[in-house]
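**Q** Requesting a structural model of the entry that follows:
(2 chains)
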Amino acid sequence: MANALAQHKPIDEALPRKTRMRLGRLLIYGPLCVMAALYLMPLWVMVVTSLKPLDEIYGGSFIGLPQTVTLEAWRAAWSEACIGTECTGLKPYFTNSLLMVIPAVVLSTGIGAINGYILTKWRFPGANFVFGLLLFGCFLPYQAILIPMARTLGLLGLAGSIPGLVFVHVAYGICFTTLFFRNFFVSLPDELTKAAMVDGAGFFRIFWSVILPTSIPIIVVSCIWQFTQIWNDFLFGVSFTSGGNSPMTVALNNIVNVTTGRKQYNVDMAAAMIAAIPTLLVYIIAGRYFVRGLTAGAVKG
Amino acid sequence: MNAAKSFSSRLAGWLPRIVVAPSLLVVIVTVYLFILWTGVISFTSSKFVPVYDFVGLEQFVRLWATPRWHTAVANLLIFSALFLSLSTGIGLLMAILLDQNIRAEGFLRAVYLYPMALSFIVTGTAWKWIMNPGLGIQKVVNELGWTSFTFDWITDPNMAIYTVVIAGVWQSSGFAMAIFLAGLRGIDNSVIKAAQIEGAGLPLIYRQIIIPMLRPAMLSVIVLLSYIAIKSFDLVLALTNGGPGSATELPSTFMFSATFRRNQMGVGAASAIMMLMTVAAIIVPYLYSELRERNNG
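**A** Residues are numbered from 1 along each chain as shown, chains lettered A, B, ... in the order given. From the prediction side, this is the model:
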């Protein structure tokens, strides 16, 4: 019966339509997969190169699987590689970056939260102008402030130090964090704060008990954005620190630009991976929030 | 007692302003006052340390008489034109393809966007290795049998700037994709349905209806990518270190090396001011229109 019905279908029409659909899908998936491969290639190359012994790198192809897998390059990058004249590996610089990134993220996110709260729930005359002033700070080409900042850090006694870098990252970070929190709080109903005010809650009380509990998602966005920006920063690190106080990115660049001896590409790639892993982990775990931070400057709040 | 109460209520009224004041002060000093300070230095004869004499536009004249600066400006034009058009084009194409109800969309999106999580130093290091003529792509293709294939752009002064474009596009086109995809998701499906009923094919619908509707997203992408292009510094430093020679110098690297390596602080400050003016010319109108739309909406 079913067969009989099926034979009534105009076969000559059904088939081409199906193949046309298939062809269309192929035209969609084909480019997408090719692009995905191209995007993954550098990561693949970094990982396989970092796992090869040096002889295999000079003898074999850069893209193929390692014949002998060794973690020697990772060990060298972590604890032996020379940065300038010091052969300590990346370990102390990794600590530097952590000591810089943790206070800077906490401070800039906290300050941004309270600024956003004020600019939306306690609006005062000129609040919009204040927001505009902060907003331009997000798009500042930092070359325009490098020289004065170097002088100021020197005057404050913070030149070349990690607290100095924390100060710089907080100062320019609050522009971004205020933007995030302001755009998030704008969509919270004002009734929320008004009701709390009727109940006698003050400025800080409302912030702690009413506003903060609703803002977990934007706190995550702000922390992730700040963490990625500060961890990946190179310009401030290379301009305001030297030697043992440098962050990871500066140390990585120094390892890679060593010109003496036989170039240890496997160590370079292991070092690059070590520098990349913290932000990659954050991206893999909380990619959704990462994208929100990324598009915050573009999508209307 | 009455006076005390009015004082405390007045204090409460001022509290928000008092709390926001320190951040505002920090931003006014570190952004606006520092810009002014850089501007002042650009009118002095500062070399190794700032000196506060006044030499007029001498440093700007010297800057524009420096061949290295001309290279940097020309490179910025080449780099931003290619970087912008390729990132926007690839980003738009990927966003449209991803928007066709496909399987594994989340995974593919994550793959296109992960380079944005990396430091430009990491990106530069990786691509420097991939494009190494002795051991990278060239060698692999040669060993596959195409022995005359050469890909030595990174060591060729005429082509090196294009290697910066390749690495930059790899890093940033996912960002364009994310913004376009957000824009596409915001378009009402009934528009497309209506056009399909009228008998329009998909390519026509995209060309005539959807892409024009992506205007706001397009504007955001172009503005934000221009900003990334102008401030590109770490990528060049890690990939080519401005070389071979000064072949991949950009204004950002020029400013850095003039100020911190060649003891020409005045010239460095003048180049920083040129960069700032370029960024401001793009960003200020954009922010103005975004803020105005927000307030109206």
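
**Q** C-alpha from now on. contacts and neighbour counts both.
**A** Noted.

**Q** Pull out the buried residues from the longest helix that chain A contains.
**A** What stands out as the longest helix in chain A, according to DSSP state H, is helix A:11-50. Of the residues in helix A:11-50, A:28-29, A:32, A:35-36, A:39, A:42-43, A:45-50 count as buried by neighbour count, 16 or more other CA atoms under 10 Å in any protein chain shown.

**Q** Adding distance to chain B as columns, could you present the residues you listed in JSON lines?
**A** Conversion of those to JSON lines gives the following (distance: CA to the nearest CA, whole Å):
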{"residue": "A:28", "distance to chain B": "6"}
{"residue": "A:29", "distance to chain B": "8"}
{"residue": "A:32", "distance to chain B": "7"}
{"residue": "A:35", "distance to chain B": "8"}
{"residue": "A:36", "distance to chain B": "6"}
{"residue": "A:39", "distance to chain B": "6"}
{"residue": "A:42", "distance to chain B": "6"}
{"residue": "A:43", "distance to chain B": "8"}
{"residue": "A:45", "distance to chain B": "8"}
{"residue": "A:46", "distance to chain B": "6"}
{"residue": "A:47", "distance to chain B": "10"}
{"residue": "A:48", "distance to chain B": "12"}
{"residue": "A:49", "distance to chain B": "10"}
{"residue": "A:50", "distance to chain B": "11"}
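
**Q** how much distance is there from the longest helix of chain A to the middle of the chain?
**A** Its chain's C-alpha centre and that of helix A:11-50 lie 28 Å apart, by CA atoms, centre = their mean, to the nearest Å.

**Q** Where does the stretch 201-301 of chain A get nearest to chain B, residue-wise?
**A** Ranking the residues of the stretch 201-301 of chain A by distance to chain B (CA to the nearest CA) places residue A:232 first, at 4.5 Å.

**Q** I figured that residue hits residue B:120, correct?
**A** Yes - when contacts are counted by CA atoms under 8 Å, residue A:232 is listed as touching residue B:120 (7.4 Å).

**Q** How about the secondary structure of the residue positioned nearest the centre of chain B?
**A** When CA atoms, centre = their mean is applied to chain B, the residue found nearest the centroid is residue B:228 (0.6 Å). Under DSSP: H, G, I helix; E, B strand; the rest coil, residue B:228 falls in the helix class.

**Q** just to revisit the earlier point, who's in contact with the residue of the stretch 201-301 of chain A closest to chain B?
**A** Residues in contact with residue A:232 (CA atoms under 8 Å, 6 or more residues apart in numbering or on different chains) are A:249, B:118-121.

**Q** distance of it from residue B:125?
**A** With distances taken as CA to CA, to the nearest Å, residue A:232 is found 13 Å from residue B:125.

**Q** do the same with residue B:58
**A** Shown here: residue B:58 relative to residue B:125, a distance of 38 Å by CA to CA.

**Q** Ok, residue A:249 next?
**A** The spacing between residue A:249 and residue B:125, counted by CA to CA, is 11 Å.

**Q** Look at these two and report which has more neighbours.
**A** For residue A:249 against residue B:125, the residue with the higher neighbour count under other CA atoms under 10 Å in any protein chain shown is residue A:249, and the figures read 30 against 27.

**Q** Correct me if wrong: that one contacts residue A:233.
**A** Yes - with contact taken as CA under 8 Å, residue A:249 and residue A:233 are classed as touching, separated by 7.0 Å.

**Q** Now for these two: what residues contact both?
**A** Common contacts of residue A:249 and residue A:233 (CA under 8 Å, 6+ apart): residue B:119.
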